[in-house]
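Undergrad: Quick one: sequence and predicted model below, then my questions.
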Amino acid sequence: MGTRILSIPIPPDFNFGECLWFLDRDFDDCMLKVNRDSLNKVLLLKNGPVLLNISADAAQLKASVLQGELSADEEPELKKYIEDWFDTGLNLNPFYTLLNKDPRLAFMAEAYRGLRLVGIPDMFEAICWAIIGQQINLTFAYKLKRRLVERYGGRVDFQGDTYYLFPEAAVLAEAAIEELQGMQFSKSKALYLTLIARAFASGQLSKQGLRQLPDLASRQKALMDIKGVGLWTANYTLMKCLKERSCIPFGDAGLLNALLIHGIITDKKQALEIEGFFSAYPTWESYLVFYLWRSLSKRSEA
């Protein structure tokens, strides 16, 4: 076992337990393993795959190498990935100030304090996951993801467990539509996944390319120019990967249910009321969505 450890500073209100909760919601996620107070995940770095254990204390996240070699020139890449994944650099106090102004939602400022918008730093993975999840429940979405990743992704075996890497775009671009249909992907989703894969493999789409666009609207358009990507998929991808803070996945079933439960709306078709509600949270819309999603499970556990 490797002993190399990389430390990433975290702010005082960072709650690693809440982040672990989000990553361990009894779904069949084949790409990581959540332990009692840490997680294991394999990442493909510049020099090859590295299996990590990520834990936290009051001042830092610690990434310990379980298998593979972490070179000194890969440390900045790994540090950036973890910072993006857990949004460690963001001051949440302005968001909590806004929450406390609304008696319907003020409880979230304490109940979920320190929960970060847990992202998907790999943009290809993020958009594929959004497409997989279109119009189906999460349990089935995770089953489809497992089938896709086991068939086309890389793997690392360690102490009886298998950790998978999400398929590379060039590999998925060559997948047969019929084979994906055999995994229970609809014909349209199979087509969309291969089209997205070709766009990334050819360089038509990239995380860096989207970052260089001038604003959110142009990033949304760049994604929506690809067949199969609507506004929900574009917004989900941008909030989870680029941490765009003003993305609202309008029409999302979980979001609508949360708005109903908290008395924000009385009917799922109240589009103007929903827009008015979010207008009170400028630049924090994505975080509000994430916390509303969190509140659904909190209530179901009560």
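TA: Everything's here; your move. Residues are numbered from 1 along each chain as shown.
Undergrad: which residues touch A222?
TA: The contact partners of A222, by CB atoms under 8 Å, 6 or more residues apart in numbering, come to L205, G209, L210, L213. Glycine gets a C-beta too; all of them are placed from N, C-alpha and C.
Undergrad: so which helix or strand takes in the residue nearest to the last one when sequence neighbours are not counted?
TA: It stands for L213. Nearest residue to L213 in three dimensions, chain neighbours excluded: R219, at 5.1 Å (CB to CB, 6 or more residues apart in numbering). Under the criterion of DSSP states H and E, R219 resides in helix 216-224.
Undergrad: Averaged pLDDT, that helix. What do you get?
TA: Per-region confidence: helix 216-224 scores 96 on mean pLDDT.
Undergrad: picking up where we left off before, now intersect the contacts of A222 with the helices, please.
TA: Residues of the contacts of A222 located in helices (DSSP state H): G209, L210.
Undergrad: Buried ones only from the contacts of A222, please, as a PyMOL command.
TA: To isolate the buried members of those in PyMOL, using 16 or more other CB atoms under 10 Å:
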select buried, resi 205+210
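Undergrad: Quick check, the residue nearest to L213 in contact with C241.
TA: No - using CB atoms under 8 Å, R219 is not in contact with C241, being 10.3 Å away.
Undergrad: got a list of what the residue nearest to L213 touches?
TA: L210, L213, A234, L238, L242, E244.
Undergrad: Same check on Q159?
TA: By CB under 8 Å, 6+ apart, Q159 has no neighbours at all.
Undergrad: Next: G153.
TA: Contact analysis of G153 by CB under 8 Å, 6+ apart lists Y164, L165, F166, P167.
Undergrad: Please list the members of the residues you listed that lie in helices.
TA: Counting by DSSP H, no part of those is found in helices.
Undergrad: pretty sure I226 contacts A197?
TA: No - at 10.5 Å, I226 does not count as touching A197 under the criterion of CB under 8 Å.
Undergrad: quick one: which of the two has more around it?
TA: Neighbour count, other CB atoms under 10 Å: between I226 and A197, A197 has more, with 24 against 19.
Undergrad: Please, which helix or strand holds the more buried one?
TA: helix 187-202.
Undergrad: Could you give me the buried positions within that helix?
TA: Using 16+ other CB under 10 Å as the test for burial, helix 187-202 gives K189, A190, L191, Y192, L193, T194, I196, A197, R198, A199, F200, A201.
Undergrad: For it, give me every contacting residue.
TA: Contacts to helix 187-202, defined as CB under 8 Å, 6+ apart, come from residues 123-124, 127-128, 131-132, 134, 148, 167, 169-173, 175, 177, 180-181, 185, 204-206, 226-229.
Undergrad: one step back: just send the buried residues of helix 187-202 back as a markdown table, with pLDDT and distance to P76 too.
TA: Shown next, in a markdown table, are the buried residues of helix 187-202 (pLDDT from 0 to 100; distance: CB to CB, whole Å):
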| residue | pLDDT | distance to P76 |
| --- | --- | --- |
| K189 | 97 | 36 |
| A190 | 98 | 37 |
| L191 | 97 | 38 |
| Y192 | 97 | 34 |
| L193 | 98 | 31 |
| T194 | 97 | 33 |
| I196 | 97 | 28 |
| A197 | 98 | 28 |
| R198 | 97 | 30 |
| A199 | 96 | 28 |
| F200 | 97 | 23 |
| A201 | 97 | 26 |
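Undergrad: Considering those, which is situated nearest to K41?
TA: Closest approach to K41 among those (CB to CB): F200, at 21.3 Å.
Undergrad: ok, now how distant is that closest one from D87?
TA: Computed as CB to CB, to the nearest Å, the F200 to D87 distance reads 23 Å.
Undergrad: ditto for Y81
TA: As judged by CB to CB, Y81 and D87 stand 12 Å apart.
Undergrad: Same check on F277?
TA: Distance of F277 to D87, given as CB to CB: 23 Å.
Undergrad: low pLDDT regions in this protein?
TA: Scanning the chain with the threshold set as pLDDT under 70 gives 1-3, 298-302.
Undergrad: which residues in the stretch 151-300 of the chain form helices?
TA: 169-172, 177-182, 187-202, 207-211, 216-224, 231-241, 253-261, 271-278, 285-301 (DSSP state H, counting those that start in this stretch).
Undergrad: which stretch among these comes nearest E77?
TA: Shortest distance between E77 and the helices of the stretch 151-300 of the chain, using CB to CB, is found for helix 207-211: 13.3 Å.
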